[in-house]
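In: Sequence first, predicted model second:
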Amino acid sequence: MTTVPGPSSSPKPRIVVPSADNKPSSGSTKKDTSSKTKPEFIVRTNYPESNAPLGVSVSKFSKNHILSSQHRLLIKGGRVVNDDGTTFADVFIEEGIIKQVGLNLIIPGGTKTIDATDKLVMPGGIDTHTHLELAFMGTRAADDFYTGTKAAIAGGTTTILDFVIPTKEQSLIDAYNQWRERADSKICCDYGLHVAITHWDEQVGKDMEILTKEKGVNSFKVFMAYPGTFMLADDDIYQVFAKCRELGAIAMVHAENGSVIKELEKEMSKLGITGPEGHLLSRPEKLEAEATNRAIMIAEQTRCPLYVVHVMSKTAADKIQEARLKGQVVFGEPIAASLGTDGSQYFNKCWHHAAAHVMSPPLRNDATTAPYLMDLLANGSLSTTGTDHCTFNINQKALGKDDFRKIPNGVNGIEERLAVVWTKGVETGKLDINQFVAVTSSNAARIFNIYPKKGRIAVGSDADCLIWDPKATKTISASSHHQACDFNIFEGLHCRGLPIITIVDGKIVYDNGQLNVLQGSGKYLHTACYADSVYQKLNKREIIREQLIKQQHIEREPYTGDVIVISKPVSNGDAKISPKNQAIPSSNEPHAAGFHNRPATRAGARNLFDSSFTLSGDQWDDANLRKTTRVQQPPGGQSKGLW
Ligand SMILES: NC(=O)NCCC(=O)O
Ligand SMILES: [Zn+2]
């Protein structure tokens, strides 16, 4: 158990210790006929039939967890906030599941009560983008699955989606197993996995199939940056997206033009720029927007849903907005960093301060970007918020002390995301509280097909909830955060609106600054393909598309005429194809070769009686240099004309 100073807040929620007997608690004597004890949603097997259950598979480390999840909790007197509405209701939790939501509930004895008067009861946050203990740029991220998820919980996040990133030589399945092993032994909240595709061949396609059908993966990311390590070329991206479409998975993209960045980095070096500002200067916004647009185009051509991770700029966000306006299934994910700070940090005089902000794509040097991205979250053009949490300590960032290209890329955010979105979104009047839930939790649950198990306060949903105090305040600092890194990119940010209690799997794991987590207690989430909110439309469109294509099919009599026989490859060496290189007509058809009037000889050679001269204007050998003879003294003498 870790004890940390709690946030300054309005009166703390009162926790009533349960009575020893098992009688109903006081104040809950009236039977509420509207509340049900059965799940109000149907756990679906998504289309097409998948072996992967929508539910979770219990990891081998979670025995203790199951035994202790008999706890009963009643959250009383709060306002329940979902993405589609707010209601005054009590929430009864048993064995990790929300069992009742309503007023005047019948509650068994032995139930711990949390007084949530004046507080909001919300689904726990879902961080769509983390890189815990990732080996990257010669070192390993400072936060592992334990410290990272502990910090997540302190900030109100109860589910994370981390990225398996295989090396180019590694099989996808090996990498997936590695990630599961690392995470299962340490993780403190439930988690799912996206898998990155860092090279393409037939085997990768087969492994993607295994991952979706047997391992509960429904999303694959490609990188358009980091040439030589992670980057894929467009034709490989096409193959990955097409495979995603075939499997009902979601394609994800890190959108930056890696090849151009590489050249610009060289240019910076030549100009003597070795500090962190070089990172920003070699990654202009246009390169993010261009790659975003290219990824959207490839997704359109493959009819694949696309999820653009870490949207860092206005123009990249515009590309997503434009595509969505046209009906394409594209989602955009700004992150805590792009919503909470900006790229002016790269010009800070302190090397460490500047280097600590190095991430890709970079923060933009423009204070209007963050509020712009928030506006796009509010109008639905952007859908989720992640963090790209990938932390490195000062001595790790120092790998690039003489060359910005060697600074390990990555920043924090797993702990701050909800507070940043509330402060910059709700407190500014850009988001209402339901939109807050949508962009921090429910939208992600829908897209990655874990809704309403996650992302909703409802009967049958997992008891991953927050008691949120909209009036609580705190100032973010590395000195008090729970992350393992020694820098915080939001240092000094004064936040209003904080989680004061976090409940994971029906247990209070964070309470007014005090963490009580169990290492390895989190469970792996099998995410099924063909998420309804992503694929329902696409499946329908596919049927319509096939019908349209069939309608455009033209019934024709088959062609029965001659076909030339290619005896010698036609070369493009000449500007225009010379008769010498023309394919020889297979018959005596005069115009078969398209130039000569006389048929070929019986041996198939050009008929030498045929002239190569035509009166059509352009001559076949116009491109060849002609030898000219200047006649100084033409017969009959020189012209006396005007020339
Ligand atoms: N984003 C970043 O800078 N680091 C993590 C790796 C990645 O997602 O690009
Ligand atoms: Zn990332």
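Out: Thanks, I have the structure now. Ligands and ions are numbered 1, 2, ... in the order given.
In: Quick check, central residue of this protein?
Out: Taking CA atoms, centre = their mean as the criterion, residue 309 is the residue nearest the geometric centre of the chain, at 3.4 Å.
In: residues in contact with that residue?
Out: 128, 129, 221, 252, 253, 254, 333, 386, 388 (CB atoms under 8 Å, 6 or more residues apart in numbering). From N, CA and C alone the C-beta is placed, and that goes for glycine too.
In: hang on, isn't the fifth one packed against residue 295?
Out: Yes. The pair residue 253 and residue 295 passes the contact test of CB atoms under 8 Å, sitting 4.3 Å apart.
In: overlap in contacts of the two?
Out: What both residue 253 and residue 295 touch, as defined by CB under 8 Å, 6+ apart, is the set 222, 224, 237, 306, 308.
In: now these in CSV, with neighbour count and distance to ligand 1?
Out: Below are these laid out as CSV (neighbours: other CB atoms under 10 Å; distance: CB to the nearest ligand atom, whole Å):
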residue, neighbour count, distance to ligand 1
222, 24, 12
224, 27, 10
237, 23, 16
306, 27, 16
308, 28, 12
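In: Show me the residues you listed that map onto helices.
Out: residue 237 (DSSP state H).
In: Turn the shared contacts of residue 253 and residue 295 into JSON lines, columns for pLDDT.
Out: Formatted as JSON lines, the shared contacts of residue 253 and residue 295 follow (pLDDT from 0 to 100):
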{"residue": "222", "pLDDT": "98"}
{"residue": "224", "pLDDT": "98"}
{"residue": "237", "pLDDT": "98"}
{"residue": "306", "pLDDT": "98"}
{"residue": "308", "pLDDT": "99"}
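In: Next, give me the two most distant ones among the shared contacts of residue 253 and residue 295.
Out: Maximum pairwise distance in the shared contacts of residue 253 and residue 295, criterion CB to CB, is 13.0 Å, between 237 and 308.
In: any common contacting residues for these two?
Out: Common neighbours of residue 237 and residue 308, using CB under 8 Å, 6+ apart, are 253, 295.
In: Up against ligand 1, what does this structure have?
Out: Contacts of the chain with ligand 1, taken as CB under 6 Å from any ligand atom, map to 131, 254, 359, 360, 388, 390, 409, 410.
In: Among these, find me the one that's closest to residue 300.
Out: For the residues of the chain next to ligand 1, the nearest to residue 300 is residue 254 (18.6 Å; CB to CB).
In: Hmm, that closest one is touching residue 310, no?
Out: Yes. Between residue 254 and residue 310 there is a contact under CB under 8 Å: 7.1 Å.
In: measure residue 216 to residue 195 for me?
Out: From residue 216 across to residue 195, the span is 11 Å (CB to CB, to the nearest Å).
In: swap that for residue 267, sorry
Out: In terms of CB to CB, residue 267 sits 34 Å off from residue 195.
In: and residue 502, helix, strand or coil?
Out: Judged by DSSP: H, G, I helix; E, B strand; the rest coil, the three-state class of residue 502 is strand.
In: give me the number of residues near it?
Out: By the criterion of other CB atoms under 10 Å, residue 502 has 28 neighbours.
In: For it, name its beta-bridge partners.
Out: Going by DSSP bridges, residue 502 is paired in beta bridges with residue 466, residue 510.
In: now the helices for the stretch 101-250 of the chain?
Out: Along the stretch 101-250 of the chain, the stretches classed as helices by DSSP state H, counting those that start in this stretch are 145-154, 172-184, 202-214, 234-247.
In: Show me which residues of the third one are buried.
Out: Within helix 202-214, the residues that qualify as buried are 204, 205, 207, 208, 211, 212, counting by 16 or more other CB atoms under 10 Å.
In: Likewise for the second one?
Out: By neighbour count on 16+ other CB under 10 Å, the buried set for helix 172-184 is 172, 173, 175, 176, 179, 180, 183, 184.
In: Outside of it itself, list whatever touches it.
Out: For helix 172-184, using CB under 8 Å, 6+ apart, the contacting residues are 59-61, 132-133, 144-145, 162, 164-167, 191, 193, 195, 197, 204, 207-208, 210-211, 215, 217, 520, 522, 524.
In: any low-confidence regions in the stretch 351-500 of the chain?
Out: Nowhere does the stretch 351-500 of the chain drop to pLDDT under 70.
In: could you pull out the strands for it?
Out: 465-475, 494-504 (DSSP state E, counting those that start in this stretch).
In: so of those strands, which one's packed in deepest?
Out: Of all those, strand 494-504 has the most neighbours on average by mean count of other CB atoms under 10 Å, namely a mean of 24.
In: Could you check the angle that one makes with strand 465-475?
Out: 150 degrees (axes from the mean of the first three to the mean of the last three CA atoms, to 10 degrees).
In: Check which helices and strands strand 494-504 sits against.
Out: helix 145-154, strand 157-164, helix 417-421, strand 465-475, strand 507-511 (3 or more CB pairs under 8 Å, 6 or more residues apart in numbering; DSSP states H and E).
In: change it to 7 Å
Out: helix 417-421, strand 465-475, strand 507-511 (3 or more CB pairs under 7 Å, 6 or more residues apart in numbering; DSSP states H and E).
In: So which residues make contact with that strand?
Out: 7, 9, 12-13, 73, 114, 124, 153, 155-156, 158, 189, 418-419, 422-423, 426-427, 463-470, 472-476, 508-512 (CB atoms under 7 Å, 6 or more residues apart in numbering).
In: roughly how far is stretch 273-281 from the heart of the chain?
Out: Taking CA atoms, centre = their mean, to the nearest Å, one finds the center of stretch 273-281 at 26 Å from the center of the full chain.
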